[in-house]
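1. Sequence and predicted structure, then a few things I'm wondering about:
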Amino acid sequence: MQVIKHEECPQCHGKQTAFNGAAQQLVKDGRVKQFLACASRYSSVIGTQEVIDNLKVGESLPAITIYTDACVKCGCMYAYLIEIGSVTKREKKPTLILPPNRRPGNLS
Ligand SMILES: [Zn+2]
């Protein structure tokens, strides 16, 4: 997977972001483990619906995830992290359908 990081605002070159900046402060304070926060996250598989529908098990398509956040200095929204990878179609596991009285937590 290719990861592209933009560690500063493209407009003012500020380095602090609203959501992820606050999240990283919580990490720094030891209150939570490492995690990413963002204003929005877009994920998409790249391909036409026909290509996606006809994908065979084991075949892959490119997939991109973009994390955006706002610069606290100037308010510019920008993509601070872009992940470019792929997804592989897997075999679907069979779904076990149980009547309500046999579902986990309701077994007696
Ligand atoms: Zn900025």
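-> Happy to help now that I have it. Residues are numbered from 1 along each chain as shown.
2. mind listing what's buried in the lengthiest helix in the chain?
-> Counting residues, the longest helix in the chain under DSSP state H turns out to be helix 18-28. Using 16 or more other C-beta atoms under 10 Å as the test for burial, helix 18-28 gives 18, 19, 20, 21, 23, 24. C-beta coordinates here come from the backbone N, C-alpha and C atoms, glycine included.
3. so where do the strands sit in this protein?
-> Taking DSSP state E as the test, the strands found in the chain are 2-5, 40-45, 60-70, 77-88.
4. which of these sits most buried?
-> Across those, averaging neighbours per residue (mean count of other C-beta atoms under 10 Å) puts strand 60-70 on top, at a mean of 17.
5. So what touches that one?
-> 17-21, 36-47, 51-52, 55, 76-89 (C-beta atoms under 8 Å, 6 or more residues apart in numbering).
6. let's see it at 6 Å
-> Identification of contacts with strand 60-70 by C-beta atoms under 6 Å, 6 or more residues apart in numbering yields 17-20, 38-47, 77, 79-88.
7. what are the pairing partners of that strand, and which direction each?
-> Sheet pairing of strand 60-70 (DSSP bridges) gives strand 40-45 (antiparallel), strand 77-88 (antiparallel).
8. So which of these is nearest the ion?
-> Minimum separation from the ion across the strands paired with strand 60-70 (C-beta to the ion) falls at strand 77-88, 8.0 Å.
9. can you state the direction angle for the closest one and helix 18-28?
-> Interaxial angle of strand 77-88 relative to helix 18-28 (axes from the mean of the first three to the mean of the last three C-alpha atoms, to 10 degrees): 80 degrees.
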